[in-house]
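Asker: just need the structure, nothing else, for what follows:
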Amino acid sequence: MSIQSITTLLISRSTTSKSRPVLDRFFFVSVVGWSMLKAGLRPSALNYSRAQGPISDNGPLFNKVLNPRPSIAALWFADLTALFVPRRCAGCETTLLRHEQCMCTICIADLPLTRFHDDPKNRVEQLFWGKAPLTAASALLHFSPTGMVQHILHRMKYAQDHEAGRYLGNMMGEALKESSRFNDVDTVLAVPLHPRKQRQRGYNQSQLLVEGLCTAWPKENPKRALQRVNWTDSQTRRGRLDRWSNVKEAFEVKHEEALRDRHVLLVDDVVTTGATIEGCVKALSVVPGTRVSLFTAACA
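Answerer: A predicted model of the protein is given here:
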């Protein structure tokens, strides 16, 4: 079996349907290893990375086999491990291929992107007209209570899926890099949780988004500049008026010097009525020269 035919086999196998089995991936790693041994090839003989530069650890499987870094044995071990502890797609729970990160290719293609970051009349921005003075506002995804986005956000928020949060945040950063309305943002802040709630959960899901966002779009992130000082119950089952009264005095600026004369971007997981954001904007309005914008992972 030639190297060209092996590569063709790998490509055809790696583009199978959503229900591809774990054993299938182990199969084509084994086929390549068997073919190399039969042909008397050593891994170093196929290592083109010296001429082509470093090979990404997230690259396609067939590139890793033809340019073995790490070694073929390491690749086999990784696939053997995946048989027992498979990585799952945050969107559909199918097993991920090695080159897929957090979400499978099919789910990424199916994400309901808003694509309205440069529209000053988008529905997120309209939500705050007459309520909070925002310079710009947008969201990455459309939210549906029974859709894939809800499943991803639930994993991030309640199932300790930090990877999903940082992955979405990275997508948010990539989107903002292309938007002219956000290009003068200086500082990024996660909508804070009350310390007691953060201790219970173990993390702030909005801060995960910020970490991913700042990886793709580096900005200042003074984590404790804005804090939640009043404990509030969950907003999930409250109406708009109840939500506003629940959070209107919940936030406080603790490090004014870090925000003075800055364009601050607030980041949250999902915006519904906007009451929480209004509370944050009210707290930030006491800082001289501060402008506030908003970007969320999803909008309901």
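
Asker: after the one helix or strand Tyr167 maps to, which helix or strand is next?
Answerer: Element membership for Tyr167 (DSSP states H and E) is helix 162-177. With elements assigned by DSSP H and E, the helix or strand that comes after helix 162-177 is strand 187-190.

Asker: which positions within stretch 193-204 qualify as buried?
Answerer: By neighbour count on 16 or more other CB atoms under 10 Å, the buried set for stretch 193-204 is 193-194, 204. (Glycine included, C-beta is placed from N, CA and C.)

Asker: just name the closest of those residues to Leu111, please.
Answerer: Leu111 lies nearest to Asn204 out of those, by CB to CB, at 23.2 Å.

Asker: how about the residue nearest to the closest one when sequence neighbours are not counted, what does it touch?
Answerer: Leaving aside its chain neighbours, Asn204 sits nearest to Leu193 (4.8 Å; criterion: CB to CB, 6 or more residues apart in numbering). Residues in contact with Leu193, defined by CB atoms under 8 Å, 6 or more residues apart in numbering, are 201, 204, 206, 228.

Asker: tell me which element the closest residue to Asp261 other than its chain neighbours falls in.
Answerer: Excluding the flanking residues, the one nearest Asp261 by CB to CB, 6+ apart is Gly289, at 3.7 Å. Secondary structure assignment for Gly289, by DSSP H and E: no helix or strand.

Asker: distance of Gly289 relative to Gly212?
Answerer: 28 Å (CB to CB, to the nearest Å).

Asker: now Trp76
Answerer: Trp76 is 31 Å from Gly212, by CB to CB.

Asker: of these two, who's got more company?
Answerer: The neighbour comparison of Trp76 against Gly212 (other CB atoms under 10 Å) goes to Gly212, with 25 against 15.

Asker: what's the weakest-modelled helix or strand in the protein?
Answerer: When each helix and strand of the chain is scored by mean pLDDT, DSSP states H and E, helix 49-52 comes last, with a mean of 35.

Asker: just how off-centre is the helix or strand where Gln227 lies within its chain?
Answerer: Using DSSP H and E, Gln227 maps to strand 226-228. Relative to its parent chain, strand 226-228 has a centroid offset of 23 Å by CA atoms, centre = their mean, to the nearest Å.

Asker: show residues contacting it.
Answerer: By CB under 8 Å, 6+ apart, the residues outside strand 226-228 that reach it are 189, 192-195, 250-254, 259, 280, 283-284.

Asker: find the nearest non-adjacent residue to Asp110, please.
Answerer: Met148 (6.7 Å).

Asker: can you tell me how far that neighbour is from Asp79?
Answerer: Distance of Met148 to Asp79, given as CB to CB: 27 Å.

Asker: next one: Met156
Answerer: Taking CB to CB, one finds Met156 at 27 Å from Asp79.

Asker: since that was my last question, I'll sign off now.
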